[in-house]
Every structure is written in C-alpha cells, then in structure tokens.
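In: I need the structure of the sequence given here:
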Amino acid sequence: MPAQYGGFETFVDELVSHQQSDQIKYHVANLSKSETGRHSEYKTADVFDIKARHFGPANVIFYDRDAINYALSYIKDNEIEAPIFYILGNTLGAFIGHYAKKIHKIGGKMLVNPDGLEWKRSKWIKPIQMYLKFSEQKMAKIADLIISDNQGIEDYLKSEYGDVSSTVIAYGTNPVARDSKIDTTWFEAQGVKQKDYYLVVGRFVPENNYEAIIQNFMASDTTRDLVIVTNHQGNPYFDKLRDITGFEQDKRIKFVGTVYDKETLLAIRQQAFAYIHGHAVGGTNPGLLEAMNATDLNLVYNVSFNRNVALDSALFWQLDSLTALLAQAEKLEVSEIEQLAVRARTIIAEKYTWERIVAQYERLFLNES
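Out: Prediction:
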C-alpha cells in the first residue's frame, strides 16, 4: 500500500479507500525489505510488513505462511476476537490444513480468493503447475468460504471439487467521465492516429492470446493499426512471437511498451476504434472492466469468464474467427457502436463500481449477507 500495478494490491487499496462501515478494521500484510512486524497506517488500514525471503518461486509460499503466523501472534497479543483471515491466492493451499486449525482454534474464519485458474498460467513450469492445482483443491475443501470474482470460477470449482462453500463478489473499477480535451503528446510520439487503431493492453504472456491476435490481424484487410501496450521489452516471448508471426513485416502492428500514467492510458483506451481482449485464464479481468468503461467497441475472447462480464455489450471471437470479426467491426454503423458502448457503461454502473463491490464485502465481513 499504496498499490502499484498488481490486481490483488489494487483490490485491497480500493477496499480500504472505499470503506463505509466503522465496524471493520483492516490489517494488511505488506511484502517488504524491512523486518517483519513494522506497522504503518494507510487510510483506514493497519499495514504490517512481512520481510521478503529469497527462495525463488517459493517466495510466495513463505510470504503467505509468514503473514499468517505474524497475524496469529498479533491477534493473541492484542486479544482480538473472532478474526477473519482473507487469503488472496491459493499458493499456501498444500499446507493450509495446519493453519486453518490454528485460525479456527482462536475462533477465526478463513476466507480465500482463488485468483482465477493460477495453475494454468504459462509462466509456471509443470511441477509448479501441479503444486498449484493441488493447492487449489486443498483450499477449496478446507476454506470456510471461497470468494470467486467471477461466476465462471465458482462454476469451475464446484464442478471440479463438488460441494464447495462459496460465493461470488466481482472485481471493481472506477467509472470515468468522457474527456473532450485529449493530451495528444503520446499519440504524436508514437505516430498513432486517434480513433484509427485497434488496442491490446495486458501482461505479455501466451495465455493472453497475442499470437492469435497478431496472426488474425495480419490476415485482415483493415487499414487501421494494432497498438499493443505491454511489457514486451527484454522478454524472450517477444522474439518467439516475432519468429512465429513475422509481425515486423506488417507496419500496422506497433508494440509501444508499457504506459503507467493513468490519464494517458485512459486516453489511449478512449481514443481506440476498438479494444481486443484475448485473456483466456482468470476471472473478472480488470483490463476488461477498464475497456468497457472507456472504449466504445470491445472485441472479446469467447470464454465463460469474459462472457459473464461483458454479456451483450461486446462482440466475441474464437481463435480462428477474429479476422472475420475485424471485418464485421469495420462495417458497423456509428449508432451500433454507440449502443454497445452505452450497454457496457450500464453494466459497469450496475455491477462493477468499487462502491458496490466494497459494500458487498462489508456485508459479508459483518455477517449481514
């Protein structure tokens, strides 16, 4: 805290920023270089540091373990009754039985957010994927409550593990106003013409379907650019993708690196002709919510997680149909695009504002739902 770019840290930041009830006190573990146990205040939260370890991929396991152990000792020292532990991610799952017993012994509850299908992510080698899948199973069986951020995740867990105690509370976003005054500095520097490009924003990983997007785009007849905002610099996947697709031969395709300035990124989203969402793994993806908030036309990869969010506000594509969908998008009337945009903003306002999401969490934490 304050959050930088991670999904979970952004969630916690928004949770404490939009706190409505004075009957809740948040204590937030913070990965730190300082010694474990240093406390600081951030908005309504008590933030306690957990010193980072150096065990490679296992760091996240030790971090979760150290955070729970410290929280247990803090609860004992401060005589806190009936605490709620909300664990973000399945990483500790293989060892969770031991800690669940400790939490229940002091009258606590253990809630878990499974973070989509983490074990499917390509960044993990096979043994780690197997560990994460096992962790997912243990968490689903042992947690007092699983909180999925998407109906598709809950459906998957129940089909995979049977009668899981679960509920769905989505990820959120902050509605944005349409700004008629656009700073053109970034567009001029990148040689990008407003309202004349397709946009991709997301982590540079294979499961976000960069290969399919690029190949389908290259096969299309569109005269618009494909602007890709991602952390591709120095990533071996970039070289692999270049070899597979030959995208460097297509002047329409522009990798522009990362954009962390929120106002600039919002302008890039708003000025796109269409946003292409290729995420194949996860739940309610923040990038899709931001696109529905800002971009008038959204072309979304057709999996249950994405359909549950975008509903009828977007056009959907399969791996072999994006080229045809691009041609379809080019033929849409302005009025048709405006109708989709209005529908997307309505879905955001009705279901995904942080105020609504935080209110749902508070009812849950206060045992009112």
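In: in the protein, which spans are strands?
Out: Remark: strands assigned in the chain by DSSP state E are 26-32, 39-42, 45-51, 84-88, 109-113, 145-148, 166-168, 197-201, 225-229, 253-257, 274-277, 298-301, 315-317.
In: Throw the ones you listed into CSV and include distance to E338, thanks.
Out: For glycine as for every other residue, the C-beta is placed from the backbone atoms N, C-alpha and C. Output for these, formatted as CSV (distance: least, Cβ to Cβ, whole Å):
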stretch, distance to E338
strand 26-32, 41
strand 39-42, 40
strand 45-51, 41
strand 84-88, 38
strand 109-113, 36
strand 145-148, 33
strand 166-168, 30
strand 197-201, 18
strand 225-229, 22
strand 253-257, 27
strand 274-277, 13
strand 298-301, 13
strand 315-317, 14
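In: Kindly compare burial across those strands and name the winner.
Out: Comparing the strands of the chain on average neighbours per residue, with mean count of other Cβ atoms under 10 Å, the densest one is strand 274-277 at a mean of 26.
In: Point out where the protein drops to low pLDDT.
Out: Residue ranges of the chain with pLDDT under 70: 4-5, 57, 116-120, 122-123, 179-180, 368-369.
In: Got the domain ranges for the protein?
Out: 7-172+354-365, 185-352 (automatic domain parsing).
In: can you tell me the distance between the two ends of the first one?
Out: Going back to what we said before, that points to domain 7-172+354-365. 21 Å (Cα to Cα, to the nearest Å).
In: And for stretch 204-218?
Out: OK, stretch 204-218 end separation, Cα to Cα: 19 Å.
In: going forward can the numbers begin at 29, since that is how I track them
Out: Happy to do that; since the first residue is 29 now, the last one works out to stretch 232-246.
In: number of nearby residues for the closest residue to F232 other than its chain neighbours?
Out: The spatially closest residue to F232, leaving aside those adjacent along the chain, is T258, at 4.3 Å (Cβ to Cβ, 6 or more residues apart in numbering). Counted with other Cβ atoms under 10 Å, the neighbours of T258 add up to 21.
In: Tell me the spacing between T258 and N97.
Out: Distance of T258 to N97, given as Cβ to Cβ, to the nearest Å: 37 Å.
In: Please verify my assumption that L293 contacts V229.
Out: Yes: in terms of Cβ atoms under 8 Å, L293 counts as a neighbour of V229; the distance is 7.4 Å.
In: List the residues that are in contact with both of these two.
Out: Counting by Cβ atoms under 8 Å, 6 or more residues apart in numbering, the contacts common to L293 and V229 are V257.
In: L316 is nearest to which of the strands of the chain?
Out: strand 302-305 (5.2 Å; Cβ to Cβ).
In: What strands line up against that closest one, and which way round?
Out: Strand 302-305 has its sheet partners listed here by DSSP bridges as strand 225-229 (parallel), strand 326-329 (parallel).
In: which residue packs closest to D172, ignoring adjacent ones?
Out: K137 (4.7 Å).
In: Then H55?
Out: D74 (4.7 Å).
In: and the one you found, bridged to which residues?
Out: H55, E69.
In: how about the domains of the chain in a markdown table, adding distance to M29?
Out: As requested, those are exported to a markdown table (distance: least, Cβ to Cβ, whole Å):
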| stretch | distance to M29 |
| --- | --- |
| domain 35-200+382-393 | 4 |
| domain 213-380 | 17 |
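In: any chance of the strands paired with strand 302-305 in a markdown table, plus distance to Y54?
Out: Output for the strands paired with strand 302-305, formatted as a markdown table (distance: least, Cβ to Cβ, whole Å):
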| stretch | distance to Y54 |
| --- | --- |
| strand 225-229 | 30 |
| strand 326-329 | 33 |
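In: Among those, which comes closest to S163?
Out: Closest among those, using Cβ to Cβ: strand 326-329, at 26.2 Å.
In: residues making contact with the closest one?
Out: Contacts of strand 326-329 (Cβ under 8 Å, 6+ apart): 226, 237, 302-308, 316, 319-320, 334-335, 338, 341-346, 350, 353-354, 357, 368, 372.
In: The lengthiest helix in the chain: how far from the chain's middle?
Out: Of all the segments of type helix in the chain, defined by DSSP state H, the longest one is helix 87-105. Once both centres are worked out by Cα atoms, centre = their mean, to the nearest Å, helix 87-105 turns out to sit 25 Å from its chain's centre.
In: if I look at the residue nearest to H55, how far off is N395?
Out: 21 Å.
In: tell me the contacts of Y91?
Out: Taking Cβ under 8 Å, 6+ apart, one finds 57, 59, 78, 80-81 in contact with Y91.
In: And the helices in this protein?
Out: Taking DSSP H as the test, the helices found in the chain are 35-45, 87-105, 124-133, 154-170, 179-189, 213-218, 238-246, 264-273, 290-298, 314-322, 332-338, 350-358, 362-375, 382-393.
In: Of those helices, flag the one that's most buried.
Out: Counting by mean count of other Cβ under 10 Å, the most buried of these turns out to be helix 314-322, with a mean of 23.
In: That one - contacts with which helices or strands?
Out: strand 225-229, helix 290-298, strand 302-305, strand 326-329, helix 332-338, helix 362-375 (3 or more Cβ pairs under 8 Å, 6 or more residues apart in numbering; DSSP states H and E).
In: Give me the contact list for the first one.
Out: In this case it means strand 225-229. 238, 241, 245, 250, 252-258, 282, 293, 296-297, 300-304, 306, 315, 318-319, 323, 327, 354.
In: residue contacts, the closest residue in space to L316 that isn't next to it in sequence?
Out: Using Cβ to Cβ, 6+ apart and skipping residues adjacent in sequence, the residue nearest L316 is H305, 5.2 Å away. Residues in contact with H305 (Cβ under 8 Å, 6+ apart) are 230, 313, 315-316, 319, 326-329, 334, 342.
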